[in-house]
Structure formats: structure tokens, C-alpha cells
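Asker: give me a model of this one.
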Amino acid sequence: MLVCVTDQERQLLHALASMCAQYLGVVDNSYLDHMCMSAGENAVDLLVAYGLLTPVARGGKWTAVGEAVLDEL
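Answerer: Numbers count the residues shown, from 1 in each chain. As a prediction, this is how the structure comes out:
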């Protein structure tokens, strides 16, 4: 699970992960495609930095931590 984050960061990451899961192109239920949109690229980069995604080609793949965050929603 998310460690070493403030409650505010946790809330923001939950919201960002949820929005990405809902609105970014999803391939095989685990790969997010940011479709080369700068907002999507920035979101994927941030989720990678916090360990929720691993970078893949044009997006990211949910990690176990990322999947746990989505399950909490």
C-alpha cells in the first residue's frame, strides 16, 4: 500500500488513479494509454513516481500498489 505519503497526497493519488482508470485509454484492463496528451502523460508520470504504475510504451501498467489503490475506491 502507499507508504510515506500524507493524507492529502493519499487523497490526491486516489482521485488521480480513479480518473486515469476511467478516462485514459485502457488496454487489457491493466495498461493505461495516455494517447500522447500532455495531461495524460503528466498523470502517468506522477503515478509512476509514486509506484502506482510502471512505465510501458505510451502509458503505464498498474502495479500491485496501484491495483490496491483502485480496489479501495
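
Asker: can you list the low-confidence ranges for the protein?
Answerer: 1, 3, 29 (pLDDT under 70).

Asker: let me see the ranges of the helices in it.
Answerer: Counting by DSSP state H, residue ranges of the helices within the chain are 7-23, 38-49, 64-72.

Asker: tell me which of those helices lies nearest to A57.
Answerer: Evaluated over the helices of the chain, closeness to A57 peaks at helix 38-49, with 10.9 Å, by Cβ to Cβ. C-beta: built from backbone N, CA, C; applies to glycine.

Asker: would you mark the buried spots in the closest one?
Answerer: Judged by neighbour count (16 or more other Cβ atoms under 10 Å), helix 38-49 contains these buried residues: 40, 43-44, 46-48.

Asker: same question, stretch 66-73
Answerer: Along stretch 66-73, the positions that meet the burial threshold by neighbour count (16+ other Cβ under 10 Å) are 66, 69.

Asker: could you do stretch 28-40 as well?
Answerer: Of all the residues in stretch 28-40, those buried under the rule 16+ other Cβ under 10 Å are 31-34, 40.

Asker: between the residues you listed, which sits nearest D7?
Answerer: Checking the buried residues of stretch 28-40 against D7 with Cβ to Cβ, the nearest one is L32 at 25.0 Å.
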